[in-house]
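In: what's the 3D shape of this:
(one chain, ligands or ions: 2)
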Amino acid sequence: MSEIPIKRIAIFGSTGSIGTQALDVIAANPDKFSAEVLTAHSNDELLIQQALKFNPNVVVIGDESRYAKVKQALASTDVKVFAGEKSLEEVAAMDCYDLMLAAIVGYAGLRPTLKAISHGKAIALANKETLVVAGDIIMRKAVENKVPVIPVDSEHSAIFQCLVGETRNRIEKIILTASGGPFLGRKPNYLVNVKREHALQHPNWTMGAKITIDSATLMNKGLEMIEAKWLFNMKPEQIQVVIHAQSIIHSMVQFEDGSIKAQMGLPDMKLPIQYALAFPRRIKNDFPRYDFKKINNLSFEEPDIKTFRNLALAQEALHKGGNLPCVMNAANEIAVYAFLKNRINFLDMTDAIEKTMQNIPFIEKPTLEEYFDSDGEARNFAADLIKL
Ligand code: NDP
Ligand code: MG
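Out: Ligands and ions are numbered 1, 2, ... in the order given. From the prediction side, this is the model:
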């Protein structure tokens, strides 16, 4: 067999939950991957440690006030150090890597990912907000530049895996599974009092703070419906959500003959990360295996969208399209960070998102600039509402 060249990886958001797990995958497979770009926003200590261990070509620290510290700590190495938001885009355009793992959280991930696509880099996409904000433009540019967009999100990785070998076959629908989060079965009279610490305790997954709150409100599943629409070119009515509290089936595809394919395994993000980095190959690993005898009861139920209204709002955005998902995403980011700072309560998040969606003018076919503007307007509107 001919030798497969080492894939040179750029991890945008290397200090996060996805980023650190991706570095574990790279460390376990030095004959297959190298880490050539690492970026952080403010966690300079961890970025320095990662750079000393992986010896990348370039690191970027988003917060410019931390540049001198990172530069000095890496002075004895040949790692190039950049700082600031603009540098993220400049580095995304560099020749030193083949595949970008887009693992920055939120809207901040959009511009570097767009830049990477326009430079023909393959994308392993964790940052779902990128597709929620401007999925039409991202997917169009990916096609124009012949760039594969490989999902990292576990549900989308599951669907992607189910679709291997099925290019000629029509999909009837895709079924996204949702754990239901820490408040599954709870009602508004309970949710009104839940605190940040409680909402940050996810039953099945350990993730960054923002997505953990999104999982507790079910906004995460709404964002994932929109993500699925763009990744798999689905109509809104072809995307169904089912609560599956054990998170063993990561999602399913139903074909036009009624046959359903599911991808299963223990909830561990390292697997979809590894699959996206190595695609189209699978790599042997020693991750814990699912045992049918230990978790032998898989349950399924309808999501309660009357209680978890964020999912209903996201479904509205999915159906209406235009700039509405972008507006919703911006308001959600503002609301989640306000909740994390104990400025608003759990249910206030939904009110802020809903009012913002009602007030920002609708644009049916936005340009990229209009998406940027809608994001800014929605952030300002939501921040005013919350009195930030
Ligand atoms: P984390 O909060 O753990 O990490 C976020 C990363 O982005 C960190 O490296 C952080 O740097 C960096 N970052 C934060 N803000 C900015 C900014 N304004 N500009 C540049 N970089 C920034 O998030 P996760 O790893 O949990 O999630 C990353 C993405 O992956 C999200 O879009 C999430 O929805 C998606 N995802 C995550 C999953 C998970 O299991 N965690 C599962 C599926 C999808 P610093 O550390 O310095 O703050
Ligand atoms: Mg997911």
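
In: for stretch 276-289, give the mean pLDDT please.
Out: On average, the pLDDT along stretch 276-289 is 97.

In: wait, does it contact ligand 2?
Out: No. Stretch 276-289 lies out of reach of ligand 2 by CB under 5 Å from the ion, never closer than 13.0 Å. Quick note: C-beta positions are derived from backbone N, CA and C, even for glycine.

In: now the terminal residues of that stretch, how far apart.
Out: 19 Å (CA to CA, to the nearest Å).

In: confidence score at Ser2?
Out: 58.

In: Met357: what's it in contact with?
Out: Met357 is in contact with Leu313, Glu316, Ala317, Leu324, Val327, Met328, Ala331, counting by CB atoms under 8 Å, 6 or more residues apart in numbering.

In: contacting residues around whichever strand or helix holds Tyr371?
Out: Taking DSSP states H and E as the criterion, Tyr371 maps to helix 368-386. If you take CB under 8 Å, 6+ apart as the criterion, helix 368-386 is touched by 107, 114, 133-134, 137, 323, 326-331, 333-335, 338, 343-344, 348, 352-353, 355-356, 359-360, 363, 366.

In: filter these to the buried ones?
Out: The neighbour-count test (16 or more other CB atoms under 10 Å) marks 107, 114, 133-134, 137, 323, 326-331, 333-335, 338, 344, 348, 352-353, 356, 360, 363, 366 as buried among the contacts of helix 368-386.

In: okay, and which of those map to helices?
Out: Taking DSSP state H, the ones among those that sit in helices are 114, 133-134, 137, 326-331, 333-335, 338, 348, 352-353, 356.

In: okay, the contacts of Met357 in CSV with pLDDT and distance to Ser76 next?
Out: Listed next are the contacts of Met357 as CSV, based on pLDDT from 0 to 100; distance: CB to CB, whole Å:
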residue, pLDDT, distance to Ser76
Leu313, 98, 51
Glu316, 98, 55
Ala317, 98, 50
Leu324, 98, 51
Val327, 98, 48
Met328, 99, 47
Ala331, 98, 46
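
In: can you tell me which two in those are farthest apart?
Out: For the contacts of Met357, the maximum inter-member distance is 12.9 Å, found between Glu316 and Ala331 (CB to CB).

In: what parts of the stretch 51-200 of the chain come near ligand 1?
Out: Gly62, Ala103, Ile104, Val105, Ala108, Ala126, Asn127, Lys128, Glu129, Asp153 (CB under 6 Å from any ligand atom).

In: neighbours around the fifth one, how many?
Out: Going back to what we said before, that points to Ala108. Residues near Ala108, counting by other CB atoms under 10 Å, number 18.

In: so what does Ile175 have for phi and psi?
Out: phi -120, psi 110 (degrees, to the nearest 10).

In: can you give me the neighbour number for the closest residue to it other than its chain neighbours?
Out: Distance criterion CB to CB, 6 or more residues apart in numbering; nearest residue to Ile175, sequence neighbours excluded, is Met252 at 4.2 Å. Using other CB under 10 Å, Met252 has 22 neighbouring residues.

In: for Ala335, see how far away the closest residue in space to Ile239 that isn't next to it in sequence is.
Out: Spatially, and ignoring its direct neighbours in sequence, Ile239 is nearest to Met225 (5.0 Å; CB to CB, 6+ apart). Distance, Met225 to Ala335, using CB to CB, to the nearest Å: 19 Å.

In: can you check Tyr190 too?
Out: Distance from Tyr190 to Ala335, by CB to CB: 19 Å.

In: re the thing from before, quick check: which element contains the residue nearest to Ile175?
Out: Going by DSSP H and E, Met252 is part of strand 249-255.

In: brilliant, that's me finished.
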